[in-house]
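1. quick one: sequence plus predicted model below, questions after.
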Amino acid sequence: MIRLLPVLDRKLLRDLWRLRGQVLAIAFVIAAGSALLVMSTSTYAALDATKRAYYERTRFADVFAPVTRAPVGLIERLRRIDGVTAAEGRISAFGRVDLPGAPPISARLVSYDASAAAPLNGVTLSAGRMIAPGRSSEILLLDAFARATGLGPGDDITVTADGQRETFRIVGTAYSPEFIFAMAPGEFVSNDARFAVIWASREALEAAFDLDGAFNDALLTLSRDADLLAVIETADRLLAPYGGAGAYAREDQTSDRYLTEDLEQLRVMDRIMTPLFLGVSAFLLNVVIGRLVQTEREEIGLLKAFGRSGGEVGWHYLKFALAVAVLGGVLGWLGGLYLGARVSALYSSVYHFPFLLYDPPVRALGTSILAGVASAGIAAVLAVRAAAALPPAIAMRPPVPPDYGGRGSLPRWLDQPSRMVARRILRAPLKAALTIVGIGAAMSLTVMMGFNAAAVDEMVVRSFDIADRHDVGVTFTDPRGRAALFALGRIDGVQRVEGRRDVPVRFVNGTSERLGSITGLSGEAELSRALGADLRPLDMPAGGLVLSQSLARLLGAEAGDEITVDVRTGSRPSIALPVAATADALIGTPAYMDEGVLGRLLGEEGRVSGAVLMVDSARADAVTERLREAPIVLGVSLQSESLAELDRMLDEGPGLFRRIMMVVSIVIAVGVVYNSARIAFIERARDLASLRVLGFTSAEAGYVLLGELALLTVIALPVGGMMGVFLWIVVAQAVSTDLYSIPTVFDPRGFGVAALTVLISSVAAGLLVMCDVRRLDLVSALKVRE
Amino acid sequence: MRTLRGSRRRAPDAAPPEAGQRHEDAFVIRTLTKVYGEGTAAVRALRGIDLTLPDGELTVLLGPSGSGKSTLLNILGGIDTATDGEVLFRGVALTGASQRELTRYRRAHVGFVFQFYNLMPSLTALENVELVAEIAPHPVDPMEALALVGLEGRADHFPSELSGGEQQRVAIARAVAKNPTVLFCDEPTGALDSRTGTEVLAVLQDLNERLGTTTLIITHAAATAAMADRVVTFADGRVGSVACNEDKARARELSW
Ligand SMILES: Nc1ncnc2c1ncn2[C@@H]1O[C@H](COP(=O)(O)OP(=O)(O)OP(=O)(O)O)[C@@H](O)[C@H]1O
Ligand SMILES: [Mg+2]
C-alpha cells in the first residue's frame, strides 16, 4: 500500500512513525487542551440546556409574590396583569420536621394541586405517586431530602406547623425546579439532610395555617416580551393591602440564584480557562513543531536542491503538523466527550435535575481540531517558511554559529562538556529562553490550578474557622426575646450562646437591587463574626451597615454611601442606611449590623430570630435531645455537617472540574518537557554519537544533553512560578462568583505540585532520552554529513 | 600531563590492565564476519577476515566501495560488533566485550579520524582537543597536539570558522591528544583536495613515526599505499592481498 503513495507521502508516514513518541506527546498536548474545551463547553451547554428545558417543562414561575394573606379571588387580577401568562396562589410556610434521634429540621411546606392540568412549579415524581385528590394526609417529599434521610413512599413523617403537630403519609418523592438547591432559612450552604420540602394538599395547609380561601404566595409566569419590573410593581400594588412582602423575580429565588452562580462559574471556567489552556498549548506546539521542523533543515535543503518548490516542501511539513493536530483533536474530542458526559452527569445529580440533556458537542469537534490545526499549522508554516526561504546549499549546512561574543569568557575551570552546555545556551539564547518560557508556561497552568484549589480550601477555612466558629445554629419559629437565649444557655453542654437576628430585606442602591438579609451581631459576638480585610473581626459600627464586599460590588456601593433597605417582614419599613464598612465574607453576600441598632430600627429591640451555640462535643447528643423538646426551635443546623456538605459540593462538581484541569495542565507540562528533551536529543544526536565514539560513556555523553535540559528546567521553575502567580492574579477575580469569593491567596503548595510535576516529568523525560542515548547507532552517526 | 617529545614508545602503564606483557601485534583478526540484517535482506559485509596488524605500523586499507573496509575499522575501533570470529587487541578479545568495556577501550586506546571530522561545533579547536584530553588516562598537552598539526594559531576558532582541511587537522589533533595506542582513520582525506589531503597524511605519517602509534588508514587514493608499512586490499568482504613496503614514500611526495 505504502508503495502506491507519492514518495513524499511515504516520507511523511515514515517520519510520523520515526517520531512516534513525539507525535504522541504533541497529540496529547493538543488532546488535553481540546478535551478541556470540549468538556467545559459541553458541560456548560448541557447543564444550561437542561436547566432551561427543566424550567420550561415544569412551568417554573418567573415572579414570586409572598403575601400575608390574600383572597383566592385576587389571583384572577394578578393573571390579568399585562405580560402575565399564568398565575397561581398557593400556601407556603415553614414548619419543623422531627426525625428520631436527629435535631429538629426546618421544613418548607408548599401546597400543591396535583389535579391541576398544568401547575406552575410542577414537581416530577422520582418514586411513589402523586397526592390523591381530597387526601389531606398525603404528602410528597423532596427527593434530595428523602435520599439523605432514607425516607420514602409509605413512611410517615411528623410535622410541626404553627404550633400543631401532625403526622403525614409520604406517598411519593419528587424533584422540583424550585428546590434544585434547597436551603434552610438563614443557611448559606445547601445541606440535603437539614432541609425538608413537603408538598401537601391545599386543604391540609389551609387548615394548618388558617388560610381558608386564601393564599400567601403567588406564582406568576410571564410572556417573553413582558416587562418584568412593571409586572412586579403592579403585583406589589395589588398585594399591598394584603401584606405583600414584595414580589421578586426568579433570579432572586434562592435555588435559581445558586444554580445560576454555579453555572456562571462553569461558564467562566469555559470562557477563561479553556482559551488559556488552549493558548498555552498552542504556544507550546508552536515552539515544539518549529524546532522539529528546524531539525529537518537538511532535508528541506535537499528537497529544494532536487527541484521541489518551497510550496511543495511547506505542504509536506504542514501535512505532518496536520496529521498530528487531527490525531490530537480527535483524541481530545473523544476524551472531552467522555469527561463532559461524566462531569455533567455529576453536576446534574448534585443539582437534582430529573433528567440531563447532554448532546455530543459536534461543533466542538470542529473547534478542537481547528484549534490544534491552527496552532500546529501556523507553527509548521512559520518554521518551514524560514527553512524553505534559504537557498538549498545553506539550508543543508547547519546554521553558522553566530559570534559567541566573549569566546574566552567562560571560566577556565569549566570542563569541555559543561562548555558545550553553556555554549549551546549562550549561542542560542532565544531558543533557550523559548524552552524556559515553554516549560514555564506549561508549569504556570499547574501553579494556577494549585493556587485555585488552595484558595477554595482557604475560603472554607476562613468562613468556618475564623468567621463562623459556632457548632450549632438554631432558628426560632419567630423572633423571640432574650429569654429564649437564656433558656438555650441553660442546656447542659451548651458552652456559649449568641443571639442572631436575621432580617429579610431588599437592598436598593440607585438601580441596583438585591434580595438578602441583614444579620444583627452583638458587640461581644465571638462565634459568628464579620471579618475585615485583614481577617480580624470587625467591630459593628453604631449607626451603619457592614456589607460584604461581594454585596457591595453587586450594589455598586462603597463605604460612605447611603443605601435603601426595604425590610420584608413585620411593619415593612423602608430605611436609608449608611454603609459604614465592608467585610471580607467569602461565601454568600451577607450584610451585618449592630444587633441593638437593628432592633431599634425595627422597633423590636432585644428580639432574636435565632442563636448560634458552642457545644461541648461530648454532650452534643444530649443538647440535640433538648433542642428537640423546645417548641420555639424551627430548625437546627450543625456546622460540622454544613462544612462537610460544602466540601462535598465544592469537591464533586467544581472540584472534579478543577482536578481534570489539573491533570490537563500536568499532561501539557509532561508533553512539553518530553518534547523539549527529545528535540534536543535529535538536534544533538550526531554530536552525542561522536562523543561516544571518542570514548565518552553514555552517562557522560548524556550529561551534555541533559545538563542543558536540567539547567533550563531549573531556570524554568521560578519563571513558571511567576507566570502562575500572574495567571492566578488575573483568573482569581474571574472565578469568583457572587456566592463564592475566591481569595487571591498564593499557597506554596501550588508551586510545590507544579514544580514537582515539572521535575518528575523532566527526570522521566531525561531517563527516556538517556535510553535513546544508550541506543545511539555510533556507526551511522559517522556516516551522516554534518 | 606528559609531553610528546622523547616518549617514542608509550609507558608500560598505558597498556590495558588486562594485558600484562608487551605484544608484537596490535591486532590479531581471525575469521571475522559481519552480517547486516537477516534473511533475504542480509548483507554479508565481512566474509571471514584473517589479518594481523603489528604494533607501531601504519597500515593502509584499500578496496572498492562496499567491500567492507569501514565495517572492519569500526569493529576494530570498538564502535561496532562482529557477527562471528575473533579480534584480539594486544592479546585481549574485543569480540564479546560488553558496551562498557568497549567504551573503556575506546577511551584509553583508540583515536578516530573520520571523513566528516565530527568536531563539536560549539567548542573551539583547542576545546575540541581538550574534550578528549580530559577523559584520557595519559593525555598530551592539547596545545601541543594542535601545534603538531600546525594549528596552534587557530586554537580559539570554532569549527565553522575553519576550512575542511583545518577541521580535519583539528580532528587529528583531537585523536592524538589522548596519546592513543591505535589511530583509525576512515577516509581522512575523502572530503579534501589532493594538496590538503597530502598535508593531512603527512601529519599522520609523522605521528606514526614519532610516537609509534599503530595507525590504520582507509583510503580510495591508491597512491597513499606508498607511504604505508603495510597495504591491505579488500574485495567483497575478504582480504585480497597484504603487501609490505620495504621502502616507504614520504607522504608529502604523494599525489593523486
Ligand atoms: N547498517 C547497515 N545495514 C545494512 N548493510 C550495511 C550497513 N552498513 C554497511 N552495510 C553494507 O555492508 C557492506 C560494507 O560496507 P562498508 O561501509 O564497510 O563498505 P566500505 O568498504 O567502507 O565502502 P566505502 O568505500 O564506500 O566506504 C556494504 O555492502 C554496505 O552496503
Ligand atoms: Mg567506508
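-> Done, it's in. Ligands and ions are numbered 1, 2, ... in the order given.
2. quick one: low-confidence parts of the stretch 151-256 of chain B?
-> Within the stretch 151-256 of chain B, the stretches falling below the threshold (pLDDT under 70) are B:256.
3. relative to ligand 1, how far out is the residue of it found nearest chain A?
-> Going by Cβ to the nearest Cβ, chain A is nearest to B:Ser160 of the stretch 151-256 of chain B, at 5.3 Å. Using the backbone N, CA and C atoms, a C-beta is placed for each residue, glycine as well. Distance, B:Ser160 to ligand 1, by Cβ to the nearest ligand atom, to the nearest Å: 26 Å.
4. can you get me a residue count around that residue?
-> The tally of other residues near B:Ser160 (other Cβ atoms under 10 Å in any protein chain shown) stands at 16.
5. and for the one 5 residues further on?
-> By the criterion of other Cβ under 10 Å, B:Gly165 has 17 neighbours.
6. how about A:Ile30?
-> 32.
7. for the one 3 residues further on, same thing?
-> A:Gly33: 32 surrounding residues under other Cβ under 10 Å.
8. go ahead and confirm it touches A:Pro275.
-> No: at 9.7 Å, A:Gly33 does not count as touching A:Pro275 under the criterion of Cβ atoms under 8 Å.
9. please identify every residue contacting each of these two.
-> Shared contacts of A:Gly33 and A:Pro275, defined by Cβ atoms under 8 Å, 6 or more residues apart in numbering or on different chains, are absent.
10. correct me, but A:Leu545 touches A:Ile563?
-> Yes: using Cβ under 8 Å, A:Leu545 makes contact with A:Ile563 at a distance of 7.3 Å.
11. need the residues touching each of those two.
-> Taking Cβ under 8 Å, 6+ apart as the contact rule, A:Leu545 and A:Ile563 both touch A:Leu577, A:Val579.
12. which one's more surrounded, these two?
-> Higher neighbour count among A:Leu545 and A:Ile563: A:Leu545, with 30 against 23, using other Cβ under 10 Å.
13. and the more buried one, what's its pLDDT?
-> You'll see A:Leu545 listed with a pLDDT of 89.
14. need the phi and psi values for the spatially closest residue to it that is not a sequence neighbour.
-> Leaving out its chain neighbours, the residue that sits closest to A:Leu545 by Cβ to Cβ, 6 or more residues apart in numbering or on different chains is A:Leu577, at 4.9 Å. Per-residue torsions, A:Leu577: phi -130, psi 140 (degrees, to the nearest 10).
15. tell me how far A:Leu577 lies from A:Leu598.
-> Separation of A:Leu577 from A:Leu598 (Cβ to Cβ, to the nearest Å): 10 Å.
16. repeat that for A:Glu604.
-> Using Cβ to Cβ, we find A:Glu604 at a distance of 9 Å from A:Leu598.
17. now do A:Asp687
-> Using Cβ to Cβ, A:Asp687 is found at 78 Å from A:Leu598.
18. what does B:Asn245 give?
-> 116 Å.
19. which one's more surrounded, the two?
-> The residue with more neighbours, out of B:Asn245 and A:Leu598, is A:Leu598; 24 against 15, by other Cβ under 10 Å.
20. so for that one, what's the nearest residue that isn't a sequence neighbour?
-> A:Gly520 (4.0 Å).
21. grab the most central residue of chain B for me.
-> B:Phe184 (1.1 Å; Cα atoms, centre = their mean).
22. returning to that earlier point: next, count neighbours for the residue nearest to A:Leu545.
-> 22.
23. can you list contacts of stretch B:64-83?
-> Outside of stretch B:64-83, the residues within contact range by Cβ under 8 Å, 6+ apart are A:692-693, A:778-779, A:782, B:27, B:29, B:32-35, B:45-47, B:49, B:61-63, B:87, B:89, B:94-95, B:97, B:102-103, B:105-106, B:110, B:112, B:182, B:184, B:186, B:216, B:218, B:220, B:234-238.
24. give me the element the residue of the stretch 1-150 of chain B found nearest chain A is part of.
-> Relative to chain A, the nearest point of the stretch 1-150 of chain B is B:Arg107 (3.1 Å; Cβ to the nearest Cβ). According to DSSP states H and E, B:Arg107 maps onto helix B:99-109.
25. name the element A:Asn452 belongs to?
-> Per DSSP H and E: A:Asn452 is located in helix A:429-461.
26. for that helix, buried residues please.
-> For helix A:429-461, burial by neighbour count (16 or more other Cβ atoms under 10 Å in any protein chain shown) applies to A:431-432, A:434-456, A:458-460.
27. could you do stretch B:216-232 as well?
-> By neighbour count with 16+ other Cβ under 10 Å, stretch B:216-232 contains the buried residues B:216-219, B:221, B:223-232.
28. out of these, flag the one nearest to A:Ile105.
-> Distance to A:Ile105, by Cβ to Cβ, is smallest for B:Ile218 among the buried residues of stretch B:216-232, at 93.9 Å.
29. ok, that closest one - contacts?
-> B:Val60, B:Leu61, B:Lys69, B:Ser70, B:Leu73, B:Cys185, B:Asp186, B:Glu187.
30. next: A:Val456.
-> Taking Cβ under 8 Å, 6+ apart, we find A:Val456 in contact with A:Leu650, A:Pro654, A:Gly655, A:Arg658, A:Tyr740, A:Ile742.
31. ok, 7 Å please
-> By Cβ atoms under 7 Å, 6 or more residues apart in numbering or on different chains, the contact set of A:Val456 is A:Leu650, A:Ile742.
32. what's the distance between it and B:Gly153?
-> 68 Å.
33. A:Gly610 sits in which helix or strand?
-> strand A:608-615.
34. from the middle of its chain, how far away would the following helix or strand past that strand be?
-> The helix or strand immediately downstream of strand A:608-615 is helix A:620-629, counting by DSSP H and E. Distance of helix A:620-629 from the chain centroid (Cα atoms, centre = their mean, to the nearest Å) equals 37 Å.
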